[in-house]
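Enquirer: just coords:
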Ligand SMILES: CC(=O)N[C@H]1[C@@H](OP(=O)(O)O)O[C@H](CO)[C@@H](O)[C@@H]1O
Ligand SMILES: [Mg+2]
């Protein structure tokens with residue numbers, strides 16, 4: 001369905017009760033096969049009481065009872081009717097965590113619907129466009145998830161994360177009450193228009209789930225635009241563009257490609273003056289959305305960079321034995337990629353908001369260049385630029401506890417850049433980064449920069465390497481990573497572990513931190529910490545030390561301590577084996 005009028009002007013989708021819009025004129029150009037549906041409603045005969053969803057119940061004109069909703073301008077009948085199509089399995093409890101909701105797809109129908117409802121309330125409250133992204137990032141294909149995007153393309157505000165959790169967990173009969181409570185608590189003006197933009201990844205369940213979100217938006221009378229298939233950062237981009245009257249860029253996929261490619265071409269033009277050849281890069285797309293989008297985009301920047309795509313979704317399964325998460329956690333190349341020695345390669349994750357680089361050296365050894373080294377490359381480059389132009393802006397690098405100790409030392413001691421540590425999760429890094437004139441933030445696993453966009457990160461890295469004339473080996477040689485190991489431990493209730501000091505020390509259960517301290521003392525250059533995952537039902541263990549063997553055995557010993565002291569379930573943690 002095209003959303004262009006006959007003159008090629010773009011028109012926002014309007015729900016049946018649309019009167020006047022207080023939104024800026026949106027630049028919605030939907031082209032190509034991927035353009036999503038404009039809007040979907042129940043067939044007219046199914047509308048509650050014959051009233052279009054979102055329309056206020058009419059007062060009866062002749063004899064008969066009046067239909068009056070309990071909350072002015074909230075059409076409870078429509079919400080009830082729609083929610084009956086998206087029943088919550090009783091007793092199911094989910095939490096809006098670091099990455100929104102994530103679970104097996106079969107549990108998520110009602111969650112998607114309710115996030116559509118919540119997005120409308122948030123949109124009314126902020127008088128802005130709100131985004132809803134259907135994705136479970138690097139999780140297995142059978143999972144799915146959803147997250148809301150706030151007006152400037154940022155993660156949802158913390159107080160609304162709580163609302164999301166309450167609304168999702170409300171039993172079917174309580175859902176309306178919880179919805180009204182949120183609306184009252186947040187002083188939402190229900191007469192305000194609402195506009196929601198929706199994107200989804202390539203999972204088999206994602207298309208159906210976008211429909212559930214649309215049902216939620218429609219039930220509360222919101223307007224929406226479904227962008228169809230998008231990377232997560234692209235949806236963040238669209239939201240930001242929509243709310244800044246196009247100042248940030250055009251809220252179209254074309255606008256996104258142009259904005260990023262033009263900046264890249266501009267930068268690399270200067271590099272080619274110094275005689276560099278056209279650069280090339282092998283990209284593992286995790287069999288996900290990144291492949292579709294990079295393929296569409298490559299001709300925009302192909303004069304400066306040629307990309308060869310692997311794991312493009314034509315054969316393999318999403319995130320299976322490939323993608324940024326696999327490469328980072330297994331510290332080995334993805335399957336399905338033909339790596340030539342000394343050639344730059346990178347991997348995206350399933351929704352393309354994460355990137356890691358790597359290469360095989362002349363001896364065939366695998367070298368991983370993770371988010372820490374990406375942050376180092378970008379921040380050193382920016383620092384040099386500032387020196388060159390004599391600008392005195394303050395620059396800071398934000399990391400999490402997972403940052404390799406060598407990277408922190410290098411940044412602080414060699415680059416003299418201040419480094420800060422926050423809790424895991426991009427939103428925490430992002431907030432801290434906002435305290436600086438220039439904040440560079442990356443998680444070790446490759447989430448980072450301003451939007452956490454694998455494509456824009458890839459282009460900025462390629463531009464810097466070209467401008468500085470650096471090979472991947474020279475970049476890698478900035479510092480040597482300390483050997484490290486990450487493990488997972490299953491426990492009955494992971495919340496028995498609480499932490500402090502940006503998750504670097506365990507507060508509960510009692511005695512656990514002391515046990516970790518004793519284990520750490522046995523190794524050189526060592527560090528270890530544990531924390532409950534925000535996205536999986538496990539406890540994560542991290543250890544680093546002067547050799548891989550030491551890091552492995554420290555991680556194993558800490559896992560055993562967690563298992564014993566924090567209620568481990570199933571098998572006791574095994575020693576780390578070669579191919580872990
Ligand atoms: C150690 C690790 O990689 N943790 C990941 C993971 O969070 P956990 O709370 O650790 O499950 O998923 C988050 C969302 O994608 C990401 O931001 C974070 O870096
Ligand atoms: Mg991701």
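Expert: Arrived safely. Everything numeric here is computed off the predicted structure, so don't read it as measured data. Ligands and ions are numbered 1, 2, ... in the order given.
Enquirer: surely residue 102 forms part of a strand?
Expert: Yes - the assignment for residue 102 is a strand, going by DSSP: H, G, I helix; E, B strand; the rest coil.
Enquirer: pull up the gap between it and residue 348, please.
Expert: Relative to residue 348, residue 102 is positioned 18 Å away (C-beta to C-beta, to the nearest Å). Heads up, the C-betas are built off the backbone N, CA and C, glycines and all.
Enquirer: ok, these two, which is more surrounded?
Expert: For residue 102 versus residue 348, neighbours defined as other C-beta atoms under 10 Å are more numerous around residue 348 (34 against 25).
Enquirer: quick check: closest non-adjacent residue to the residue in the chain that ligand 2 sits nearest to.
Expert: In the chain, the residue that lies nearest ligand 2 is residue 137 (3.2 Å; C-beta to the ion). Using C-beta to C-beta, 6 or more residues apart in numbering and skipping the chain neighbours, the partner closest in space to residue 137 is residue 351 (4.7 Å).
Enquirer: the one you found in helix, strand or coil?
Expert: coil.
Enquirer: next, find the distance separating it from ligand 1.
Expert: With distances taken as C-beta to the nearest ligand atom, to the nearest Å, residue 351 is found 9 Å from ligand 1.
Enquirer: list the contacts of that residue.
Expert: 133, 135, 137, 138, 201, 231, 232, 288, 289, 290 (C-beta atoms under 8 Å, 6 or more residues apart in numbering).
Enquirer: please repeat the previous calculation with a cut-off of 7 Å.
Expert: 135, 137, 201, 231, 232, 288, 289 (C-beta atoms under 7 Å, 6 or more residues apart in numbering).
Enquirer: just residue 342 next, same as before
Expert: Here residue 342 is in contact with 359, 361, 362, 473 (C-beta under 7 Å, 6+ apart).
Enquirer: the third one - that's part of a helix, no?
Expert: No - the assignment for residue 362 is coil, going by three-state DSSP, so no helix is present there.
Enquirer: what kind of secondary structure is the closest residue in space to it that isn't next to it in sequence in?
Expert: For residue 362, ignoring the flanking residues on the chain, the nearest one in space by C-beta to C-beta, 6+ apart is residue 341 at 5.7 Å. Here residue 341 is recorded as coil under three-state DSSP.
Enquirer: now do the contacts for residue 341.
Expert: With C-beta under 7 Å, 6+ apart, residue 341 has these contacts: 360, 361, 362, 364.
Enquirer: distance check, residue 311 against residue 89.
Expert: From residue 311 to residue 89 the distance is 34 Å (C-beta to C-beta).
Enquirer: ok, those two, which is more surrounded?
Expert: Neighbour count, other C-beta under 10 Å: between residue 311 and residue 89, residue 311 has more, with 28 against 11.
Enquirer: contact partners for the residue of the chain closest to ligand 2?
Expert: 99, 349, 350, 351.
Enquirer: so which of those residues comes closest to ligand 1?
Expert: Ligand 1 lies nearest to residue 99 out of those, by C-beta to the nearest ligand atom, at 3.7 Å.
Enquirer: in which helix or strand does residue 513 reside?
Expert: helix 512-520 (DSSP states H and E).
Enquirer: ok, residue 368 next?
Expert: strand 366-369.
Enquirer: next, the buried residues of the lengthiest helix in the chain.
Expert: Longest helix in the chain, counting residues (DSSP state H): helix 253-273. For helix 253-273, burial by neighbour count (16 or more other C-beta atoms under 10 Å) applies to 253, 255, 256, 257, 259, 260, 261, 264, 265, 267, 268, 271.
Enquirer: I'd say the fifth one and residue 249 touch.
Expert: Okay, so that is residue 259. Yes - counting by C-beta atoms under 7 Å, residue 259 touches residue 249, with 4.4 Å between them.
Enquirer: C-terminal to the worst-scoring helix or strand of the chain on mean pLDDT, what's the next element?
Expert: The weakest-scoring helix or strand in the chain, judged by mean pLDDT, DSSP states H and E, is helix 253-273 (a mean of 89). Next in sequence after helix 253-273, counting helices and strands by DSSP H and E, comes strand 279-284.
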